[in-house]
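Student: the following comprises the amino acid sequence and a computationally predicted model.
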Amino acid sequence: HRKKRTYNQFYIVNSRYVKAKAVWNILSENDKTSVVISVPPGYPPVPIKGYWISCFITPGPEKEYTHPPELKQELEGKFGPYIFDVEFRIEDRQRIRENLFKMTKQHFDIINYLAREKKWDFFMFVEIGIDRVQHAFWKYFDKEHHLYVPGNEFENVILEYYEYVDKRIGELLGNIDDETYVIVVSDHGAKRMKGAFVVNEWLAEKGYLEFKKEPNEVIPLDKAEINWDKTIAWGWGGYYARMFINVKGREPNGIVNKEDYENVREQLMEDIKKIKDPEGNGMLNMPNKPEDLYPETRGDPPDLMVYFDDLYWRSAGTVGHGTLYLPENDTGPDDAVHDWNGIFIAYDPQETFSHNKLNGLEIRDIAPTILKLLNIPVPPDMEGKVIIE
């Protein structure tokens, strides 16, 4: 997230920034015990009634990452230092594969241990390896990926990893009784990445951004010489682009008057929709105003959130490429992008889901549904709907 009144300074959101009550907070208030493992943003550890292991944003196992604190010693004595994540944007795919399976084995060993040994009413975990294996190995198994090579040695890594996770979930289900509700949900899907669109060089071409000196090598935007006194907008990279308008009185060297802000934003949106792919074909580009996507925006949101070509193209924030189109991510190898739809699976011992059509299911429906299953009143200000009768 961008720091206020800066151009390129940012901060990483952690658990202390979460102001709304999460499911586990509400359950704690109702004397229910939870086990929460690797749910971002989960660091620093959150004091709840139950047990907490922080997530992949944790700096390392030398930090305090559990609640209660003594849980760390208990787990490390049995399973070693907790593995929060793997380095996945590197060329050594064999190393990634080995580390992924090692990490996931430890995670499920700990999950099964806590499920057996602790008393709980609610148990939730996130396995980050599922995300990482897709980003690191998608081009090796998807025949439609532009970098796919038939018969490569990593062609089955994603399938083998999914089979392993499926096996370990089966072990977990064997450790709980048949009257326990089980929900599997993901926050996004995945699909092949066509490439990265170099957003700041496009902004420069269109006259929205001005360099004092054109970069002659690939560098981050904060290392480039930008003439902020003549720059209208700039962008950050990622799976989508965050674009900011250089507003007078808001940015250090803002030039866009507040009364012109909406007109500038609308024109920028129209220009984004006209961007074509490297072959000159139209792209399904979706520039969004944050206030149109979220009922409430806090902090310092971007002025636009831009999805390029239905998410097939990610955004590259670096400059100096000499092209608008990259075949690869600009911050390390990456084969996949996020897709719109995730998954929802429920084991339903009481058949409360069985006769319901789940059309229009959204991720924010999960929290109120969990509270309903546990007979806890759903707060009136909680977004989402209960998806059971």
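Tutor: Arrived safely, thanks for sending. Computed from a prediction, not measured in an experiment: that's the story for all the values here. Residues are numbered from 1 along each chain as shown.

Student: now the helix or strand harbouring Gly170: average pLDDT?
Tutor: Gly170 belongs to helix 157-174 when assigned by DSSP states H and E. For helix 157-174, the mean per-residue pLDDT is 97.

Student: now do the helices in the stretch 1-150 of the chain.
Tutor: Ranges of helices within the stretch 1-150 of the chain are 23-29, 70-79, 93-117, 129-141, based on DSSP state H, counting those that start in this stretch.

Student: just the stretch 251-389 of the chain next, same as before
Tutor: So, for the stretch 251-389 of the chain - with DSSP H, counting those that start in this stretch - the helices run 261-273, 290-293, 366-373.

Student: partner residues bridging the closest residue to Glu144 other than its chain neighbours?
Tutor: What sits nearest to Glu144 in space, not counting adjacent residues and going by C-beta to C-beta, 6 or more residues apart in numbering, is Arg192, at 6.1 Å. All C-beta spots, glycine's among them, are computed from the backbone N, C-alpha and C. According to DSSP bridges, the partner residues bridging Arg192 are Ala336.

Student: since we're on Arg192, how many residues are nearby?
Tutor: Using other C-beta atoms under 10 Å, Arg192 has 20 neighbouring residues.

Student: wait, it sits on Asp335?
Tutor: Yes: judged on C-beta atoms under 8 Å, Arg192 makes contact with Asp335 at a distance of 7.1 Å.

Student: distance from the helix or strand where Phe244 lies to the middle of the chain?
Tutor: Phe244 is part of strand 241-245 when elements are defined by DSSP H and E. Centroid separation for strand 241-245 versus its chain: 18 Å, with C-alpha atoms, centre = their mean, to the nearest Å.

Student: can I get the helices of the stretch 1-150 of the chain in a markdown table including mean pLDDT, mean neighbour count and distance to Val13?
Tutor: As requested, the helices of the stretch 1-150 of the chain are exported to a markdown table (pLDDT from 0 to 100; neighbours: other C-beta atoms under 10 Å; distance: least, C-beta to C-beta, whole Å):
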| stretch | mean pLDDT | mean neighbour count | distance to Val13 |
| --- | --- | --- | --- |
| helix 23-29 | 98 | 19 | 17 |
| helix 70-79 | 98 | 14 | 23 |
| helix 93-117 | 98 | 17 | 23 |
| helix 129-141 | 96 | 22 | 17 |
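
Student: out of the ones you listed, which is closest to Thr180?
Tutor: Nearest to Thr180, of all the helices of the stretch 1-150 of the chain, is helix 93-117, at 9.8 Å by C-beta to C-beta.

Student: that closest one vs helix 157-174, what angle?
Tutor: Calculated by axes from the mean of the first three to the mean of the last three C-alpha atoms, to 10 degrees, helix 93-117 forms an angle of 10 degrees with helix 157-174.

Student: please list the outside residues in contact with helix 93-117.
Tutor: 35, 37-38, 51, 53, 75, 78-80, 82-83, 85-88, 90, 120, 123, 125, 127, 129, 132-133, 136-137, 140, 154, 157, 161, 164-165, 168, 171-172, 175-176 (C-beta atoms under 8 Å, 6 or more residues apart in numbering).

Student: just the buried members of those residues?
Tutor: 35, 37-38, 51, 53, 75, 82-83, 85-86, 88, 120, 123, 125, 127, 129, 132-133, 136-137, 140, 154, 157, 161, 164-165, 168, 172 (16 or more other C-beta atoms under 10 Å).

Student: check Lys3 and give its pLDDT.
Tutor: Lys3 is assigned 86 on the pLDDT scale.

Student: domain map for the protein?
Tutor: Domain assignment for the chain by automatic domain parsing gives 15-190+340-373, 195-333.

Student: looking at those, spot the one closest to Met382.
Tutor: Of all these, domain 15-190+340-373 comes closest under C-beta to C-beta, at 5.5 Å.

Student: ends of that closest one, how far apart?
Tutor: 26 Å (C-alpha to C-alpha, to the nearest Å).

Student: ok now it, how far from the chain's centre?
Tutor: Distance, centroid of domain 15-190+340-373 to centroid of chain: 13 Å (C-alpha atoms, centre = their mean).

Student: which helix or strand in the protein has the lowest average pLDDT?
Tutor: strand 344-347 (a mean of 89; mean pLDDT, DSSP states H and E).

Student: burial count for Ile183?
Tutor: Ile183, neighbours per other C-beta under 10 Å, totals 15.

Student: show the pLDDT at the nearest residue to Lys191 once chain neighbours are set aside.
Tutor: Nearest non-adjacent residue to Lys191, counting by C-beta to C-beta, 6+ apart: Asp339, 4.5 Å away. pLDDT recorded at Asp339 is 96.

Student: check contacts around Asp339.
Tutor: 188-191, 311.

Student: narrow these to those that are buried.
Tutor: 190-191, 311.

Student: what's the strand holding Phe244 in contact with?
Tutor: So strand 241-245 is contacted by 2, 7, 197, 199, 203, 232-236, 251, 256, 261, 264-265, 268, 287, 302-306, 308, 315, 317 (C-beta under 8 Å, 6+ apart).

Student: next step: the residues you listed restricted to strands.
Tutor: Judged by DSSP state E, strands contain the following of those: 197, 233-236, 287, 304-306, 315.

Student: related to what we said a few turns ago, out of the domains of the chain, which gets nearest to Asp381?
Tutor: domain 15-190+340-373 (8.4 Å).

Student: which stretches of the protein have low pLDDT?
Tutor: Applying pLDDT under 70 to the chain flags the ranges 353-357, 389.

Student: dump stretch 315-330 to CSV, restricted to CA.
Tutor: C-alpha atoms of stretch 315-330 as CSV (Å, rounded to 0.1, in the frame of the first residue of the first chain):
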residue,chain,number,x,y,z
SER,A,315,1.3,-5.1,-15.0
ALA,A,316,5.1,-4.3,-15.1
GLY,A,317,6.0,-1.2,-13.1
THR,A,318,9.6,-1.1,-14.0
VAL,A,319,10.9,1.1,-16.9
GLY,A,320,13.7,1.0,-19.5
HIS,A,321,12.5,-2.0,-21.4
GLY,A,322,12.1,-0.3,-24.8
THR,A,323,8.8,-2.2,-25.3
LEU,A,324,5.3,-2.2,-23.9
TYR,A,325,5.1,-6.0,-23.9
LEU,A,326,7.2,-8.5,-21.9
PRO,A,327,7.0,-12.2,-22.3
GLU,A,328,7.7,-12.7,-18.6
ASN,A,329,7.2,-11.0,-15.3
ASP,A,330,9.5,-8.1,-14.5
